Structures are given as C-alpha cells and as structure tokens.
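Colleague: A predicted structure for the sequence below; I have some questions about it.
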Amino acid sequence: MRDAAPQVIKSADHVLTLLEILRRDNALRINAAARELGVAPSTVHRLVQTLVFRGYAVRKQDHSYMSGPALPHNPAIASWSPASHKWHAVLEAVVKRIGETAHVVVREATSAIFVDSVVSEQALTVGSRIGTRLAAERSSGGKILLAQLPPEHLRALYRDRSDVDVEGLLVRLASIRHERFALSESESERGISAIGVLAQSDPAQQLAITVSGPSLRFDRRRALAVLADLREAVGTPPPP
C-alpha cells in the first residue's frame, strides 16, 4: 500500500515495478511506465538507464525498451501472459468504475500469482502486485480459484500443509463456490481488503479478477457494495 515511505524505498519500489513491467510485457515505454508508477517520465528515464547499464533492459530503435539478458525469467507469469493480456482492458474498466486497484490472479498449486495489475489513482492505494505470490487460501483470487477444485484434489494439494485446517477450508470454499465471489480481509497483508470473482472458467486457464484497497476505505461493506459492478465488468453472472 502506498504511503509516505522514505525516498530510497520509493525508488527501490519503482525499479522493481519497472522490472515487473519488463518481465510481464517484454516491453517498456517511458510515458506508459510513468503513468503506471504515478511519477514523471524523467524519473522513469533515469531509472531505466540504470537497468540498461546493469543489463536488465535493452533500448530498441523506436526508443522503447525490452528485457535484457540479466532479467530472470518467470515461467509462471510468462505462461499466463497471453491469457491475461486480453483482460488488461477489463482491469482498466474496473478501476475506472470502482476506483480501487484491480488485478489478474492465477493459481499455481497452493499459491496465488498476480500476473497483471492496474493501479487506482487515489493517493492512498494498493500498488501493482505483478509477480507477487501469496498463499491461495489467504487471498480473494486464490480462494475463488481453489473453490473450482474437487475436494479430493484440494486434500491432495494441502496434504503436507500442517498450518492449514483442510476440512475447514473445504467448508469455506464450498460457500465461495456457491456465492461466486471471495473476500480477503487483512489475511494476506495487514490493512488490505480484497474481493475476487472467477473471470475465465476454462479449466486449462482459469484466472480471477480481484479488486483491493486499504481496509480503512475498502472494508467488507464497501467490497460487497461494488460486487455487482465487478461482476458486470468481468462478465461473471451472480449465483442462481
């Protein structure tokens, strides 16, 4: 969540976000990146020059940048990029309509992985989570994706997770599957609340769209109030 962090922390966060953009898109344009970070293009330009110097980015003839040889490859994100890119416009529509940050989330085993984000323009907001990996049972997107699995599959996934009450989780996921949405209230990150719905139901490429914000503004009541807007933007029907 953005706050008045020291400048050195902000700079480090900006650099990491630029790396996430390069890893996500294999392309970076100064003005677009500046809008995503909420900083001046001149700031992005200075940071990108450091990435170029270190081999994490390469400048192209059209003055955009592509991933350099030093940038680690993220197989989970790369494999989902074609499926998630078409949802970027949906994220933008969600943010415009609801006013909070929106994400594309996929599942890998018991982890929820954020593969795309569009950040809201509010002063106090949740930043980009691209590349972040959270415990699926503690995140709204992870929960809605876990809820699509049969109980025997879930028991197998969590067989070695002594920190999770598997039978209790199965009960909660059954309710989520019926209601077709999932909430997370300071479960994966203190002070952050989120709501998620299933966006792509193809078993081979399931993904969720989530909306997250500071709990002091985006509490349970507010999250439930925007659920209809989220469903309409994503094209997810309400429960019968």
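Modeller: Looks like it came in fine. Numbers count the residues shown, from 1 in each chain.
Colleague: so where is the chain shaky, pLDDT-wise?
Modeller: 1-8, 26, 69-85, 201-204 (pLDDT under 70).
Colleague: helices and strands around the longest helix along it, which ones?
Modeller: The residue-count maximum for a helix in the chain (DSSP state H) belongs to helix 7-25. When contacts are defined as 3 or more CB pairs under 8 Å, 6 or more residues apart in numbering; DSSP states H and E, helix 7-25 sits against helix 30-37, helix 41-54, strand 65-67, helix 75-85. C-beta coordinates here come from the backbone N, C-alpha and C atoms, glycine included.
Colleague: Show me what counts as buried in it.
Modeller: 10-11, 14-15, 17-25 (16 or more other CB atoms under 10 Å).
Colleague: Leu19 is in contact with Thr50, isn't it?
Modeller: No: using CB atoms under 8 Å, Leu19 is not in contact with Thr50; the gap is 11.0 Å.
Colleague: roughly how far apart are Val197 and Ala147?
Modeller: Separation of Val197 from Ala147 (CB to CB, to the nearest Å) stands at 11 Å.
Colleague: Equivalent analysis for Ser193, please.
Modeller: 19 Å.
Colleague: and the chain, what are its domains?
Modeller: 7-67, 75-234 (automatic domain parsing).
Colleague: and those as a markdown table, adding distance to Pro240?
Modeller: Output for those, formatted as a markdown table (distance: least, CB to CB, whole Å):
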| stretch | distance to Pro240 |
| --- | --- |
| domain 7-67 | 36 |
| domain 75-234 | 9 |
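Colleague: Return the most buried member of the ones you listed.
Modeller: Highest mean neighbour count of the domains of the chain: domain 75-234, a mean of 19 (counted as mean count of other CB atoms under 10 Å).
Colleague: I'd like to know how many residues surround the closest residue to His178 other than its chain neighbours.
Modeller: Of all residues not flanking His178 in the chain, Pro239 sits nearest, at 6.1 Å (CB to CB, 6 or more residues apart in numbering). Other residues near Pro239 come to 8 when the count uses other CB atoms under 10 Å.
Colleague: Quick check on Pro239: phi, psi?
Modeller: phi -60, psi 150 (degrees, to the nearest 10).
Colleague: and the one helix or strand Ala112 maps to, how far out from the chain's middle?
Modeller: Here Ala112, judged by DSSP states H and E, is contained in strand 111-118. What separates the centre of strand 111-118 from the centre of its chain is 3 Å, taken as CA atoms, centre = their mean, to the nearest Å.
Colleague: who touches that strand?
Modeller: Applying CB atoms under 8 Å, 6 or more residues apart in numbering, the set of residues contacting strand 111-118 from outside is 24, 76-77, 80-81, 84-85, 87-88, 91-92, 94-95, 101-107, 127-136, 139, 141-142, 145, 207.
Colleague: quick check: angle from the longest helix of the chain to helix 41-54?
Modeller: 70 degrees (axes from the mean of the first three to the mean of the last three CA atoms, to 10 degrees).
Colleague: Cool, thanks, talk later.
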